[in-house]
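K.L.:
Please work out how this folds:
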Amino acid sequence: MSKGRDRMVYQGKDGWVNKRNDADRASSIHRTQRGAINAAHRNLVNQGGGELTVKGRDGQIRSKDTIPPGNDPNPPRDREH
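P.N.:
The predicted structure follows:
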C-alpha cells in the first residue's frame, strides 16, 4: 500500500503529470516526462523521501524508485537509479 507522500508521474491530457498519491490535483504538469520526473524527485527530497512511480504512455508502470530516507525493501538489488 502506498503512503500519501509517495508520488506518481504519468501522461495526462495536458502533458506529463507530477502528482502526490493522496492529492486530488496535480502538483505540476510538464511538457516532457523527464521534466515531471525531475520535479517529482525534488518534491520527494524536500518532503523527506518516499516512493517515485513512473508510468509510460500506455499506463503501465515503467519504473519505481525509493528516494532516501524512504524504506526500500530490497536495497542491494535496486540498481536502476
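K.L.:
what residue lies at the spatial centre of this protein?
P.N.:
residue 52 (3.0 Å; Cα atoms, centre = their mean).
K.L.:
residues near the nearest residue to that residue once chain neighbours are set aside, how many?
P.N.:
Of all residues not flanking residue 52 in the chain, residue 65 sits nearest, at 4.7 Å (Cβ to Cβ, 6 or more residues apart in numbering). Using the backbone N, CA and C atoms, a C-beta is placed for each residue, glycine as well. Number of residues near residue 65 (other Cβ atoms under 10 Å) recorded here: 18.
K.L.:
neighbours of residue 12, just the number please.
P.N.:
11.
K.L.:
and what of residue 25?
P.N.:
Around residue 25 there are 7 residues (other Cβ under 10 Å).
K.L.:
now residue 50
P.N.:
24.
K.L.:
The residue nearest to the centre of the chain belongs to a strand, doesn't it?
P.N.:
Yes: checked against DSSP: H, G, I helix; E, B strand; the rest coil, residue 52 lies within a strand.
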